[in-house]
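Enquirer: only geometry, no sequence info:
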C-alpha cells in the first residue's frame, strides 16, 4: 500500500475529484512502470511468522534497512512502519501480517525493474539473514492459521480488521495471509485510460492463471490454484470485482468518481491518528454528513487515502494498477510488468488485445474471473480455454515489447523478461499445479519444502 497522502486542502466540488484523476495524464514519452511486490517473512528456524517487536522482529528489520539505505522512516505513534526513498520515489511498507512490500520507483523499462528488484533483495538479505528472517514468494502463507499471524502496529489495519468480517468471509485472510505482485502503468488521455482499463480488467484472469501460486492452506491443498484470487471474491464486494460499468458508454474519470464516492470508507486520518468511519460513504463525508466528523469536509488527502482502499481487479489512481496476480518467487517477478507493458504500452498490441476481448459480455467476463482461481488455464470463456487466450496474450505482449525496443547492456529487449511465462505455457500448467505435483511426489505430502524452494 502506498504511503498516506498529505494534502490538507478541503475539497469544494466534485470537479476537483475528477481533476485529481486528470492530473495523472502524461505524454507517452513520460510513461513509467511501477512494480509493487509483497513477500511473507518467516523465521529461518522453525518457519514461524515474524512478530513486529523484539530484537529479531519486523521493527528491527526496518530499522536495519533504514541504516543501510538512508531512506526516510515512516513512523506511526513511535513505531517504524515503513521507509521512503526521497530521491528515487520507492518505498518499503508493511502489510497487516508483516508482509514486506517494496513499492518500486517509477522506472522507464523492465530491465530497470529487474535491477531494482535485485538490489532490494540483496539489501533485505543483508539485514534479514543475521536476524534469522527469510522471505517466501507465494500468493498465500502455506502453513499458518489466522490466529498464528502477528498484527503490525498500523491504525488503519485495526479498523479494517474490525470491519472485514461484517462484509465477507475472507477479508481477514486477504489482510493477514496473502501476497501479490502488481504493476502500475500510465495513460496519455481519458480515452487511453478507458481503453487500457477495459483491456486489463478483461484480461486480469490471464495474469491470475499465469501467476497462480497459492494452492495450500494450513499445510494442505485447498482445492484452488490461486486461493488468493478466490479470497477476493468474498472479501468485500462493495469495493472489489470486475466493474462491469467500465465497459458501458460514457465511461471516464467522472464515472470512476461516482463509483468511488459510494464505496464505503474505512478511516479518516488526522495527524497520526485514524478515525474509524467504516461503512459510511465518501459521498456522505463530502456532503458534511459523516457522523464521526460532523460538518467537516474531506481534504485531497482523504480522497487519495480513500481511493487506496478500493480493491477492484484493476484500480484507477493517477495511474492504473494491475491487481490480479499472486506473489511469486523473485525470478518470476519482472515477468508481470513485462506482460502488461507489452500489452498496454504498445498501440498495436493494445488494439489487438481490445479486439480479443471486446465481444465478451459482462456475464462472460465475470464467469471467467469466477472460474480461474479453481481451474486456471482450464477455465473457459465462450468456446475457448483460457490457455489459448493466455498464449495469444503472451504473443501480443512479446511483439509489443520487441517494438518498444528498450535494450539492456547486452542488447536484449524487454521480451526476455517473459521467458518464465513462456516456460509455464510450454509446460501447459500453472505454477500452482507444478507445486501440487511436488506435494504429491517429492515433497511427500508436506509443504515444508516450499520454505526452501520458493524462498527469496
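Expert: Yes, it's here. Everything quoted here is computed from the prediction, not taken from an experiment.

Enquirer: C-alpha from now on. contacts and neighbour counts both.
Expert: Will do.

Enquirer: Ends of stretch 135-154, what's the gap?
Expert: Distance between the two ends of stretch 135-154: 21 Å, counting by Cα to Cα, to the nearest Å.

Enquirer: Report the buried residues of it.
Expert: Buried residues in stretch 135-154, counted by 16 or more other Cα atoms under 10 Å: 135-144, 149-154.

Enquirer: same question, stretch 339-358
Expert: Within stretch 339-358, the residues that count as buried by 16+ other Cα under 10 Å are 339-346, 348-354, 356-357.

Enquirer: And stretch 29-47, by the same measure?
Expert: 31-44, 47.

Enquirer: same question for it, mean pLDDT?
Expert: Stretch 29-47 carries an average pLDDT of 98.

Enquirer: how about the buried residues of stretch 29-47, which pair is most distant?
Expert: Greatest spatial distance in the buried residues of stretch 29-47: 31 and 47, 40.7 Å, computed using Cα to Cα.

Enquirer: Tell me which helix or strand comes right after the helix or strand hosting residue 119.
Expert: Using DSSP states H and E, residue 119 falls within helix 110-128. Once helix 110-128 ends, the next helix or strand along the chain (criterion: DSSP H and E) is strand 133-136.

Enquirer: and that next one, what does it pack onto?
Expert: Under the contact criterion of 3 or more Cα pairs under 8 Å, 6 or more residues apart in numbering; DSSP states H and E, strand 133-136 touches strand 33-43.

Enquirer: returning to what we had before: only the buried residues of the helix holding residue 119, if you could.
Expert: Buried residues in helix 110-128 (16+ other Cα under 10 Å): 110-114, 116-117, 120, 124-125, 127-128.

Enquirer: residues in contact with residue 8?
Expert: Neighbouring residues of residue 8 by Cα atoms under 8 Å, 6 or more residues apart in numbering: 299-301.

Enquirer: Please flag which of those residues sit within helices.
Expert: Taking DSSP state H, the ones among the contacts of residue 8 that sit in helices are 300-301.

Enquirer: Next, format the contacts of residue 8 as CSV and append neighbour count, pLDDT and distance to residue 220.
Expert: Formatted as CSV, the contacts of residue 8 follow (neighbours: other Cα atoms under 10 Å; pLDDT from 0 to 100; distance: Cα to Cα, whole Å):
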residue, neighbour count, pLDDT, distance to residue 220
299, 18, 94, 46
300, 18, 93, 45
301, 20, 93, 43
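
Enquirer: tell me which of the contacts of residue 8 is nearest to residue 223?
Expert: Closest to residue 223, out of all of the contacts of residue 8 and judged by Cα to Cα, is residue 301, at 41.1 Å.

Enquirer: Tell me the spacing between that closest one and residue 285.
Expert: 13 Å.

Enquirer: Setting aside sequence neighbours, what's the nearest residue to the residue of the chain most remote from its centre?
Expert: Within the chain, the residue lying farthest from the chain centre (Cα atoms, centre = their mean) is residue 295, at 34.7 Å. Ranked by Cα to Cα, 6 or more residues apart in numbering and with sequence neighbours excluded, the top spatial neighbour of residue 295 is residue 288, at 4.5 Å.

Enquirer: and if you look at residue 140?
Expert: When the adjacent residues along the chain are set aside, residue 140 lies closest to residue 178, with 4.2 Å between them (Cα to Cα, 6+ apart).

Enquirer: So the one you found sits against residue 142, correct?
Expert: No: assessed by Cα atoms under 8 Å, residue 178 is found out of contact with residue 142, at 9.7 Å.

Enquirer: And stretch 107-124, how far out from the chain middle?
Expert: Centroid separation for stretch 107-124 versus its chain: 17 Å, with Cα atoms, centre = their mean, to the nearest Å.

Enquirer: these two touch, right, residue 332 and residue 420?
Expert: Yes: with contact defined as Cα under 8 Å, residue 332 reaches residue 420; the gap is 6.1 Å.

Enquirer: how about the residue nearest to residue 225 when sequence neighbours are not counted, what does it touch?
Expert: Take residue 225 and drop its neighbours on the chain: the residue closest to it by Cα to Cα, 6+ apart is residue 215, 4.8 Å away. Going by Cα under 8 Å, 6+ apart, residue 215 touches 142, 221-227, 432, 435-436.

Enquirer: In this structure, spot the helix with the most residues.
Expert: Secondary structure of the chain per DSSP H: the longest helix is helix 190-210.

Enquirer: contacts for it?
Expert: Applying Cα under 8 Å, 6+ apart, the external contacts of helix 190-210 come out as 22, 25, 186-187, 226, 229, 242, 246-247, 251-253, 313-314, 320, 322-326, 336, 344, 350, 353-354, 357, 365, 368-369, 372-373, 376-377, 386, 389-390, 421, 424, 430-431.

Enquirer: List only buried entries from those.
Expert: Among these, those buried by neighbour count (16+ other Cα under 10 Å) are 22, 25, 186-187, 226, 229, 242, 246-247, 251-253, 313-314, 320, 322-326, 336, 344, 350, 353-354, 357, 365, 368-369, 372-373, 376-377, 386, 389-390, 421, 430-431.

Enquirer: Fine by me, we can end here.
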